[in-house]
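Undergrad: I'd like to go over a predicted model; first the sequence, then the structure.
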Amino acid sequence: MKTLINDIDHILLSEEKIHGRIAEIGAEIDSYYADRDTRVLLLGILKGSVVFMGDLMKNVKIPVEIDFMKVSSYGSGTTHGSINILLDLYRKDLSNTDIIIVEDIIDSGRTLSYLVDYLKLKGANSVKTVTLLDKPDRREVDFKPDWTGFVIPNEFVVGYGLDYDEKYRALPFIGVLKPEIYS
């Protein structure tokens with residue numbers, strides 16, 4: 001991991017700061033869903049949200065279930081703005097399920113905007129979103145998450161589940177990657 005740390009220009013968010021905000025979000029979710037009779041599902045978007053979702057579910061005290069989807073909006077052969085669902089959500093009880101989509105970072109907003117509409121069309125009782133990081137300066141669609149950990153500047157960040165070329169996910173903080181690494 002020492003070589004990975006050498007690729008970090010500076011730490012944007014410490015592990016302690018991240019954990020403190022996640023505890024606050026957990027309490028906010030508890031409060032919001034306290035009087036509901038429906039099932040609450042934390043729906044992680046693979047792979048980046050895994051670390052955030054793991055810590056979030058430890059801080060939510062109401063009963064929650066977990067599941068995952070895998071979605072691609074980038075890559076070869078993908079036109080700008082198209083969303084590909086690689087792993088879908090299959091549940092028979094969607095009409096009695098309040099879904100909270102758990103995402104690591106929101107840039108353009110296209111993926112989450114699409115997923116919210118998609119899950120509503122599939123019959124979910126409700127669909128809310130929570131993201132660890134939000135980059136509103138990169139927004140291409142009108143989308144605002146329901147819960148946000150941190151609003152950050154338009155910098156290339158890694159760590160705490162976020163990667164570059166499948167590296168850096170295990171860093172316990174959010175760091176800004178040195179430009180020479182990804183240029």
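TA: Nice, I can see it.

Undergrad: quick one, strands of this structure?
TA: Remark: strands assigned in the chain by DSSP state E are 8-13, 39-46, 65-72, 84-87, 97-106, 126-134, 147-151, 157-158, 174-177.

Undergrad: Compare the ones you listed and give me the one nearest residue 167.
TA: Comparing these by their distance to residue 167 (CB to CB), the top pick is strand 157-158, with 7.6 Å. All C-beta atoms are positioned from the backbone trio N, CA, C, and that covers glycine.

Undergrad: packing partners for the closest one?
TA: Counting contacts by 3 or more CB pairs under 8 Å, 6 or more residues apart in numbering; DSSP states H and E, strand 157-158 packs against strand 174-177.

Undergrad: For the strand it packs on, which strands pair with it and how are they oriented?
TA: Sheet pairing for strand 174-177, assigned by DSSP bridges, gives strand 8-13 (antiparallel), strand 157-158 (antiparallel).

Undergrad: for the last one, what is the average pLDDT?
TA: What that stands for is strand 157-158. For strand 157-158, the mean per-residue pLDDT is 98.

Undergrad: Can you tell me the centre-most residue of the protein?
TA: residue 103 (1.0 Å; CA atoms, centre = their mean).

Undergrad: pretty sure that residue contacts residue 48?
TA: Yes - assessed by CB atoms under 8 Å, residue 103 is found in contact with residue 48 at 7.5 Å.

Undergrad: How far off centre is the lowest-mean-pLDDT helix or strand in the chain?
TA: Sorting the helices and strands of the chain by mean pLDDT, DSSP states H and E puts helix 2-5 at the bottom, at a mean of 80. Counting by CA atoms, centre = their mean, to the nearest Å, helix 2-5 is centred 24 Å from the centre of its parent chain.
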